[in-house]
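**Student:** Okay, sequence plus prediction incoming.
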Amino acid sequence: MEIKELRKLISLMTENDLVELEVSSEGSKVVLKRAAPNLNGGSMVYAPAPYSVGAPQVQNSAPAASTRAQKGPADDTVTFNSPMVGTFYRSTSPKDPPLIKQGDKVSPETVLCLIEAMKVFNEIKAEMSGTVVEVLVENQEAVEFGQPLYLIKP
């Protein structure tokens, strides 16, 4: 295949926003590939990831307690909400018992659960003293920011 023909194929790819083009002619085969087009019409902008990516590790997560604790269904309980989007884990490994279960006493430094986000396991601390009234989420369940995780009686 001649350069002139290759240039026409490249032009064809660009005009039609093609990512890959495969052409077979007279026993030869040409495969052209390019980066996917930006569908926004603007230039591509890359933002840094909010968490490090790599082997799972435990990090402390310390958003203010007021952002995740709200009055619960009963007047004497507080709803402890998820500080992030991720996967909820009740224990540090599948073989270990849950970190916290109904009826357990917690202090501000007590680790309630782990939430995995972008392959990083974040320790979620109680940031309050009290007794766990109810666990509202199942192990390995996907959770959203602000989703109720526990009911705690201060």
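**Tutor:** Nice, I can see it.
**Student:** make it CA atoms for all contacts and neighbour counts henceforth
**Tutor:** Noted.
**Student:** contacts for stretch 81-92?
**Tutor:** For stretch 81-92, the external contacting residues (Cα atoms under 8 Å, 6 or more residues apart in numbering) are 63, 67-70, 97-100, 112-118, 137-150.
**Student:** Next, the buried residues of it.
**Tutor:** For stretch 81-92, the neighbour count (16 or more other Cα atoms under 10 Å) marks 81-91 as buried.
**Student:** Which of these fall in helices?
**Tutor:** Among the buried residues of stretch 81-92, no member is found in helices (DSSP state H).
**Student:** any idea of the mean pLDDT for stretch 27-43?
**Tutor:** What stretch 27-43 shows for mean pLDDT is 61.
**Student:** Out of the contacts of stretch 81-92, list just those in strands.
**Tutor:** 69-70, 112-117, 142-143, 148-150 (DSSP state E).
**Student:** Write down the beta-bridge partners of the residue nearest in space to the middle of the chain, one by one.
**Tutor:** Closest to where the C-alpha atoms of the chain average out (Cα atoms, centre = their mean) is residue 117, at 3.8 Å. Following DSSP bridges, residue 117 is listed with bridge partners residue 120.
**Student:** And it, how far from residue 6?
**Tutor:** 45 Å (Cα to Cα, to the nearest Å).
**Student:** ranges for the strands of this protein?
**Tutor:** 20-25, 28-33, 58-61, 69-71, 78-81, 86-89, 105-106, 111-117, 120-125, 130-135, 142-143, 148-153.
**Student:** The first one - contacts with which helices or strands?
**Tutor:** Packed against strand 20-25 by the contact rule (3 or more Cα pairs under 8 Å, 6 or more residues apart in numbering; DSSP states H and E) you find strand 28-33.
**Student:** can you rerun that using 10 Å?
**Tutor:** Judged by 3 or more Cα pairs under 10 Å, 6 or more residues apart in numbering; DSSP states H and E, the packing partners of strand 20-25 are helix 3-15, strand 28-33.
**Student:** Would you reformat those as JSON lines and include distance to residue 154 and mean neighbour count?
**Tutor:** Output for these, formatted as JSON lines (distance: least, Cα to Cα, whole Å; neighbours: other Cα atoms under 10 Å):
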{"stretch": "helix 3-15", "distance to residue 154": "63", "mean neighbour count": "12"}
{"stretch": "strand 28-33", "distance to residue 154": "60", "mean neighbour count": "11"}
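**Student:** mind putting these in a markdown table, distance to residue 131 included?
**Tutor:** Shown next, in a markdown table, are the helices and strands packed on strand 20-25 (distance: least, Cα to Cα, whole Å):
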| stretch | distance to residue 131 |
| --- | --- |
| helix 3-15 | 63 |
| strand 28-33 | 59 |
